[in-house]
Every structure is written in structure tokens, then in C-alpha cells.
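**Q** Here is a sequence together with a model predicted from it:
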Amino acid sequence: MVKSFEEEYQAFLDEGGEPDDPIRKRILAIAHRLGLWPMLTEEQVRSAVQKTIELEVPAWHNFCRGEAHIINYLVGKVLRRTGKRTDPKAIQRLLEEAKGEYHK
């Protein structure tokens, strides 16, 4: 039986592969480039960020009030919502942008 890239990648993680491992990052970059694991568009990620903000109101308010460490929680929620098909740094950037709009 032929497995999809996603199944193979999950098996890699299940067998002890580390999410922040440089080899993992390289594998993902190659898979994305080959279209085996497509990244979401920025609009799709923005939508996931907005939905997360709507569902995580207490955490969002705490983040906007200066509890910077909450960003990790919010990034994790967005990653789960997107199936980990986006760059965490992009999520952080979008959360920071939304925080700037929150204070206006």
C-alpha cells in the first residue's frame, strides 16, 4: 500500500522525529516545492487566525494586554486549525498585525 506524504511524515514524527529538526524543515520545504504537501495561501491563514481569535477570546485579550507568551498558545491553535500547513512565523506576524489593529 502506498502512503501519502502526510502519512509518511506523521510516521516520521511518531517514530521520534522532532518538529524543529533541521532535516524535518528541509523535508517539508522539498515536499511543499513538489506540491506533495501544499502550503495554505496567506488568505487561508488569515482566516484561520481570525477564527482562532474569535474562539480564543480570553487568550486573545490577554495577549493584546501584553502577555507576550500567549502568542505561543495562539500559534499552536492556528497550526492545529490549518493542519500544520503554514509557517509558524507567518502566523506570529499575522497575530501581531491583528494585535496592532486591536489597539487602534
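**A** Yes, it's here.

**Q** ok now do the residue most central in space within the chain, which residues does it touch?
**A** Central residue of the chain (Cα atoms, centre = their mean): Leu79, 3.1 Å from the mean position. Leu79 makes contacts with Thr86, Pro88, Ile91, as judged by Cβ atoms under 8 Å, 6 or more residues apart in numbering. Using the backbone N, CA and C atoms, a C-beta is placed for each residue, glycine as well.

**Q** Please list only the buried members of these.
**A** Buried members of the contacts of Leu79, counted by 16 or more other Cβ atoms under 10 Å: Thr86, Pro88, Ile91.

**Q** hang on, the earlier thing: which strand or helix spans the residue nearest to the centre of the chain?
**A** Element membership of Leu79 [criterion: DSSP states H and E] is helix 70-81.

**Q** List the buried residues in stretch 41-61.
**A** In stretch 41-61, counting by 16+ other Cβ under 10 Å, buried: Val45, Arg46, Ala48, Val49, Thr52, Ile53, Glu56, Ala59, Trp60.

**Q** swap that for stretch 63-73, please
**A** Judged by neighbour count using 16+ other Cβ under 10 Å, the buried positions of stretch 63-73 are Phe63, Cys64, Ile70, Ile71, Tyr73.

**Q** Report the two of the residues you listed separated the most.
**A** Greatest spatial distance in these: Cys64 and Tyr73, 13.3 Å, computed using Cβ to Cβ.

**Q** Out of the contacts of Leu79, which comes closest to His32?
**A** Thr86 (10.3 Å).
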